[in-house]
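Novice: Got a predicted structure plus its sequence, pasted below:
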Amino acid sequence: MAEKTFFNDLHRRFVHHAAAQRLHRIKQEALLAQIRRLAGQTGARFQLVADYAKRLEEPLRISQDFVNTCMRRIPGPIVLNPQRWDAEPHLNAVFLDAAEIQGLLAGATALKTLFAEQAVLAHAFGLLVARLRQKTVFGVDQKGDILVRDVARKSVYFEDHLILAVGASLAHTHEKTCYEALAALVVRTLKEIKGLKQWKAELEKQHEMLELLVRLPVGQPEEAQQQRQAKQVLDRIHDQLDRLDTGIGSPEDQLARMVAVLASPEHHLKMRSVQLRINRMGIEVDGQTDEPVNDIALAEFSMDEEQRRVAFWVQVDRQAMG
């Protein structure tokens with residue numbers, strides 16, 4: 001009996017492992033298909049390398065592990081409902097009023113589609129992202145019994161709200177967020193390669209024009225001076241073109257760049273935890289106060305220190321869609 005139980009348990013573990021491996025391969029193949037599509041759109045040629053898919057496996061795993069670690073630091077899920085705006089600190093802080101939440105949900109096409117396709121689905125999940133803005137304002141502050149005017153305070157507000165990676169479960173939303181983050185790293189690298197190629201084309205034009213200039217016969221002393229300067233610039237452009245040829249010239253070079261980025265995602269995708277303490281007027285509060293305040297935790301992320309956003313997971317109930 002014990003032996004039968006052992007083998008049944010072993011079989012279940014084997015089936016579970018095989019299913020997990022199969023699912024991993026399907027996801028990997030889907031991501032590689034997306035990479036091939038994006039590469040075709042940008043003119044990249046690294047996919048011409050015979051074993052490019054094999055060489056991307058480990059860098060993709062490293063990036064996926066990094067993204068999954070980052071996702072565990074995102075707070076939530078918070079129930080996103082206009083009726084909870086006054087009571088839920090995150091909603092009260094991030095949205096101007098309940099109407100702003102209603103407007104966001106009204107324009108959430110992905111949520112509407114999901115609820116329409118799954119009639120019995122009670123609630124969906126997503127990643128709410130927004131831009132955090134801060135500015136200095138001057139107001140009145142009370143220190144003891146004294147009323148102080150023109151006190152500099154920090155006003156905090158949020159704009160450009162979006163609900164991303166909509167899914168029928170939080171696990172599905174996590175999965176979609178990870179996929180989109182990996183795709184963003186790939187797009188970032190492909191744009192870099194495309195930008196370098198465009199820069200190379202411009203340098204080649206300048207190189208051609210300067211070569212013509214330095215071959216012209218010299219008459220006046222100022223012409224000789226201009227020609228010497230042109231030769232110096234030509235030498236610098238020649239060096240830049242040599243470096244660009246090394247970085248983007250061949251499919252192998254492009255693949256090496258892709259591998260380098262995906263193997264070190266922390267150099268490009270940044271995330272940090274943000275703690276905010278703000279009052280109902282959106283003013284940051286320091287120290288103790290008797291006024292109502294919202295203490296909230298957010299995750300802030302950016303790509304190459306640009307396009308900073310704050311985020312938290314949200315749950316959207318069907319009835320909140322109106």
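Specialist: Looks like it came in fine.
Novice: Where does Arg308 sit: helix, strand or coil?
Specialist: When states are read from DSSP: H, G, I helix; E, B strand; the rest coil, the local structure at Arg308 comes out as strand.
Novice: Name the nearest residue to it, sequence neighbours excluded.
Specialist: If you skip the residues right next to it in sequence, Arg308 has Ser302 as its closest partner in space, 4.4 Å away by Cβ to Cβ, 6 or more residues apart in numbering. C-beta here means a position set from N, CA and C on the backbone, and glycine is covered the same way.
Novice: ok, what's across the strand from Val293?
Specialist: Asn279 (DSSP bridges).
Novice: all strands in the stretch 201-322 of the chain, in order from the N-terminus.
Specialist: When secondary structure is read from DSSP state E, counting those that start in this stretch, the stretch 201-322 of the chain shows strands at 269-279, 293-303, 306-317.
Novice: Ile163 reaches Leu127, doesn't it?
Specialist: Yes: using Cβ atoms under 8 Å, Ile163 and Leu127 qualify as a contacting pair, with a distance of 7.2 Å.
Novice: Common neighbours of those two, please.
Specialist: Val314 (Cβ atoms under 8 Å, 6 or more residues apart in numbering).
Novice: These two: which has the busier surroundings?
Specialist: Residue environment comparison for Ile163 versus Leu127 gives the larger neighbour count to Leu127, 25 against 22, counting by other Cβ atoms under 10 Å.
Novice: Could you tell me whether that one really is in a helix?
Specialist: No: if the criterion is three-state DSSP, then Leu127 is strand and not within a helix.
Novice: And for Asp97, nearest residue in space, chain neighbours not counted?
Specialist: Sequence neighbours aside, Trp85 is the residue nearest to Asp97 in space, at 6.6 Å (criterion: Cβ to Cβ, 6+ apart).
Novice: repeat for Cys178
Specialist: Cys178 sits nearest to Val67 (Cβ to Cβ, 6+ apart), 4.9 Å away.
Novice: What are the buried residues along the helix or strand hosting the one you found?
Specialist: Using DSSP states H and E, Val67 sits in helix 52-71. Under the neighbour-count criterion of 16 or more other Cβ atoms under 10 Å, helix 52-71 has 52, 55-56, 59-60, 62-64, 66-67, 70-71 buried.
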